[in-house]
Each structure stands twice: as structure tokens, then as C-alpha cells.
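In: got a predicted structure here, sequence first:
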Amino acid sequence: MKHTIITVMLALVAMTGWAQEIKRVTATAEDFMEHMKMCGYEVFTFDISSLRDSISGFSFIIREYDQTGMINEEKAYDIKTRTMISDFSEEDKNEIYATKDADDLEHGIYRLSKTFSIGFTPVQSDSIENINLWTPRTESIHWSLKQKPIQGGPRTVYRYRIVPYQPSTFCLDKFTPLILYCSFWWDNRVYRCCGEMEMTEEKEKASNFFKYCPHYYILGAEFHK
């Protein structure tokens with residue numbers, strides 16, 4: 001009798017297990033972000049809402065370095081972060097006020113970007129990295145960074161790392177670093193790229209990393225009134 005009861009209890013447990021199931025659910029935005037990151041996509045967003053009355057735009061600047069120092073500086077694009085209603089014709093102004101199609105009617109602002117994002121998009125090439133800069137409500141640009149192969153290794157390898165800066169206070173018309181895009185190097189049979197997970201201008205001055213990194217870019221902005 002005891003054996004029969006135990007057999008029945010085990011059968012009930014098994015039946016309970018059969019009732020359990022795996023359900024397919026809708027993927028979340030976090031799921032997509034993690035998969036995109038695994039495929040080489042990265043996005044970094046910067047909050048400039050506190051600068052709304054101080055700036056009207058910025059220049060996106062790419063500085064290229066090797067172990068000798070900066071070898072090139074390029075102003076990739078000028079970005080407007082604020083468009084005023086006063087920039088439009090009288091007819092368009094009247095329509096904007098009539099439809100209230102503006103980000104801040106009270107202060108005469110038609111379009112205002114409170115953030116901007118820098119994204120990295122892998123392409124079907126070992127030596128090119130695409131970058132995208134997007135400012136909500138205003139505009140976006142696309143650019144490419146050329147990589148250099150790592151010297152000294154057993155084969156031709158292109159491998160770079162992305163390190164965001166944590167900007168502090170800014171000065172008008174002064175270069176503000178935002179992203180460090182740096183190459184690995186071959187060292188004692190290993191590809192290395194040791195350094196901070198987040199960079200600041202203070203860490204940059206104190207770090208020995210730049211003595212070893214053979215090639216890197218610093219992406220930044222110069223904000224304008």
C-alpha cells in the first residue's frame with residue numbers, strides 16, 4: 001500500500017511538471033540592445049539640456065593620434081542644437097504660432113536638442129568603422145574612421161576599443177573630448193588594450209596608456225554661442 005501511494009505521488013509530481021511550459025514573449029528594448037552590442041554596435045548619449053541658453057550648436061571634431069602625438073584634426077560637421085522661430089519668414093512664423101508647432105513658443109525656440117548621441121556601426125570591412133552622430137529634433141551625420149593593423153602579431157588584425165569620456169564643465173569654443181576610439185597592440189604574445197572603462201581629461205593626463213597605444217582617435221565637440 002505504501003509503495004502504491006509513493007508511486008501515485010511521483011506520478012502527480014510528473015504531471016505537474018508536464019503542465020509547465022516555455023512561452024515565447026516579445027523581446028524588450030534591452031534584449032535588442034544587448035544583441036546589438038554583441039554584434040559590435042555601441043551608442044553613447046550626452047545630455048546638453050543645461051546648455052540650452054548658452055549654445056546654439058557645436059562642431060563635431062575628430063582628432064587622430066599615434067605615439068608621436070596628434071597627426072590630424074578634422075572638423076567633420078557643424079551641428080545646430082537650437083533653431084529659432086525668428087529665423088523663418090513672416091508667413092512661416094504665423095503658421096508656427098497658429099499650430100503651436102514649436103519646442104518652446106515662450107522663448108521663441110522652434111527646435112531644441114537636449115541630447116545628442118554618437119553611435120558606432122560595424123561594416124563589412126576589417127579596417128573601417130562607421131560613426132553616426134544624431135541630435136533629436138535637428139539633424140544627423142555619418143562618418144567613417146579608418147583603422148590601422150596591429151603591428152608585430154602573427155597575422156593581420158584590426159581591433160579597437162571604445163571608451164567614453166565623462167565631460168565636466170565646458171568652455172565655449174574649446175575642444176571637449178567625448179569618445180576615445182583606440183587600437184589594441186601586440187605585447188608578449190597577447191593583444192592588449194588595458195585602460196580605464198571611462199575616461200576623463202584628468203585621467204588622460206595621468207595615464208600611461210597613451211604611451212603604448214599605437215593609434216587612436218578622440219572624438220569631441222566645440223560648442224558655440
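Out: Perfect, I can see it now.

In: quick one: low-confidence parts of this protein?
Out: 1-19, 124, 137-138, 168-169, 196 (pLDDT under 70).

In: and the longest strand along it, which strands flank it?
Out: When the chain is parsed with DSSP state E, its longest strand is strand 69-80. Applying DSSP bridges, strand 69-80 is found paired with strand 57-66 (antiparallel).

In: name the residues of the strand it pairs with that are buried.
Out: Using 16 or more other C-beta atoms under 10 Å as the burial criterion, the residues of strand 57-66 that qualify are Gly57, Phe58, Ser59, Phe60, Ile61, Ile62, Arg63, Glu64, Tyr65. C-beta here means a position set from N, CA and C on the backbone, and glycine is covered the same way.

In: residues contacting the second one?
Out: To tie it back to what came earlier, the one meant is Phe58. Asp78, Ile79, Thr81, Ala221, Glu222, Phe223, His224 (C-beta atoms under 8 Å, 6 or more residues apart in numbering).

In: do the fourth one as well
Out: Residues near Phe60 by C-beta under 8 Å, 6+ apart: Lys75, Ala76, Tyr77, Asp78, Ile79, Leu133, Ile141, Leu219, Gly220, Ala221.

In: and the fifth one, by the same measure?
Out: By C-beta under 8 Å, 6+ apart, the residues touching Ile61 are Glu73, Glu74, Lys75, Ala76, Phe175, Leu219, Gly220, Ala221, Glu222.

In: out of the residues you listed, which comes closest to Thr28?
Out: Leu219 (29.4 Å; C-beta to C-beta).

In: which SSE is the closest residue in space to Lys174 that isn't next to it in sequence in?
Out: Leaving aside its sequence neighbours, Lys174 sits nearest to Glu222 (C-beta to C-beta, 6 or more residues apart in numbering; 6.6 Å). Using DSSP states H and E, Glu222 sits in strand 215-224.

In: who does that strand pair up with?
Out: Short version: by DSSP bridges, strand 215-224 pairs with strand 57-66 (antiparallel), strand 175-183 (antiparallel).

In: hang on, the earlier thing: buried set for the longest strand of the chain?
Out: Buried, per 16+ other C-beta under 10 Å, within strand 69-80: Tyr77, Ile79, Lys80.

In: check which element follows it along the chain.
Out: strand 82-84.

In: just to revisit the earlier point, would you format the contacts of Phe58 as TSV with distance to Glu198 included?
Out: Formatted as TSV, the contacts of Phe58 follow (distance: C-beta to C-beta, whole Å):
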residue	distance to Glu198
Asp78	27
Ile79	24
Thr81	24
Ala221	17
Glu222	22
Phe223	21
His224	26
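
In: now, of those, which are buried?
Out: Among these, the ones that count as buried (16+ other C-beta under 10 Å) are Ile79, Thr81, Ala221, Glu222, Phe223, His224.

In: what's the closest of the residues you listed to Glu34?
Out: Nearest member of the buried ones among the contacts of Phe58 to Glu34, counting by C-beta to C-beta, is Ala221, at 28.2 Å.

In: residue contacts, the closest one?
Out: Phe58, Ser59, Phe60, Ile61, Phe175, Thr176, Leu178.

In: the helix or strand containing Ile131 packs against which elements?
Out: Secondary structure from DSSP H and E places Ile131 in strand 128-135. Strand 128-135 sits against strand 69-80, strand 115-122, strand 139-146, with contacts defined as 3 or more C-beta pairs under 8 Å, 6 or more residues apart in numbering; DSSP states H and E.
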